[in-house]
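In: how would this look folded up:
(one chain, ligands or ions: 1)
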Amino acid sequence: MHPSSLDALLTRYSVGPKYLVEPGPSDAQLALMAEAALRAPDHAELVPYRFKLVRGAAKEGMAALFADAARAAGKGEEGAALDAERALKPPLTVAVVARIDLGHPQVPAHEQWAALGGALASFMTAAHALGFGGKMLSGAKVRNPQISAAFCEPGETLVGWIALGTPARTPTGPSRKPAAADVLVDWHPPCKA
Ligand SMILES: Cc1cc2nc3c(=O)[nH]c(=O)nc-3n(C[C@H](O)[C@H](O)[C@H](O)COP(=O)(O)O)c2cc1C
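Out: Numbers count the residues shown, from 1 in each chain. Sure thing, here's the model as predicted:
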């Protein structure tokens with residue numbers, strides 16, 4: 001059974017591309033994930049992000065870009081083949097792109113990044129609730145000029161890629177996290193001198 005609501009929030013974990021198999025989410029499931037992302041808090045409703053789907057023949061194009069970036073980084077042919085495989089293996093890859101308006105009169109950049117982070121988390125949690133696994137990945141590749149230009153329109157920043165698919169193994173559980181008490185702290189007003 002798929003987890004729902006609070007269960008999904010409490011049990012999401014990342015599943016790396018190695019353990020992702022077909023099928024990936026359908027168009028209808030992707031639409032639900034995007035709707036969940038759009039429910040994240042977003043000051044002035046700027047929607048400062050896009051989720052760009054890499055599927056079908058586009059995967060080959062991404063693999064070629066990854067291989068070229070690996071060569072440019074001095075990795076050699078074995079490294080290039082490994083990076084190409086990273087593009088081809090997941091059933092679906094979703095490029096996460098930021099659209100930060102640095103000159104916005106009300107909403108500073110950090111609030112727009114916060115909106116993107118919330119959307120990303122909701123997108124991934126919705127995927128988990130639908131029975132899929134995934135992992136957000138970036139690495140030095142996001143700063144490769146050819147890759148960045150291929151994924152971004154002017155004014156956009158490539159954040160990374162979410163690998164998505166069906167988990168091939170029973171998850172061992174979420175990664176280690178701090179206790180709730182570590183992030184819940186009482187605030188006290190400063191003492192008057
Ligand atoms: C924007 C972003 C980029 C990330 N890039 C990487 C990465 O390149 N490599 C990696 O191992 N983890 C990366 N992570 C972290 C993983 O996606 C994941 O959150 C982490 O391994 C913790 O696992 P969990 O999600 O199960 O708690 C990134 C996370 C974010 C939000």
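In: which positions in the longest helix seen in the chain come out as buried?
Out: When the chain is parsed with DSSP state H, its longest helix is helix 109-129. By 16 or more other Cβ atoms under 10 Å, the buried positions in helix 109-129 come out as 111-116, 118-129. Quick note: C-beta positions are derived from backbone N, CA and C, even for glycine.
In: tell me which strands and helices that helix is in contact with?
Out: On a contact count with 3 or more Cβ pairs under 8 Å, 6 or more residues apart in numbering; DSSP states H and E, helix 109-129 meets helix 5-11, helix 27-38, strand 49-54, strand 92-98, strand 133-137, strand 157-167.
In: the fourth one versus helix 27-38: what angle between them?
Out: This points to strand 92-98. Using axes from the mean of the first three to the mean of the last three Cα atoms, to 10 degrees, the direction of strand 92-98 lies 30 degrees away from that of helix 27-38.
In: which strands or helices does strand 92-98 pack on?
Out: Strand 92-98 sits against strand 49-54, helix 109-129, strand 157-167, with contacts defined as 3+ Cβ pairs under 8 Å, 6+ apart.
In: so for residue 187, which of those sits nearest?
Out: Shortest distance between residue 187 and the helices and strands packed on strand 92-98, using Cβ to Cβ, is found for helix 109-129: 18.9 Å.
In: next one: that closest one to chain centre, how far?
Out: Computed by Cα atoms, centre = their mean, to the nearest Å, the chain-centroid distance of helix 109-129 equals 8 Å.
In: still on that earlier bit, now the longest helix of the chain: mean pLDDT?
Out: On average, the pLDDT along helix 109-129 is 98.
In: ok, stretch 135-149 next?
Out: Taken as a whole, stretch 135-149 carries a mean pLDDT of 96.
In: out of the helices and strands packed on helix 109-129, which gets the lowest mean score?
Out: Ranked by mean pLDDT, these end with helix 5-11 at the bottom, a mean of 90.
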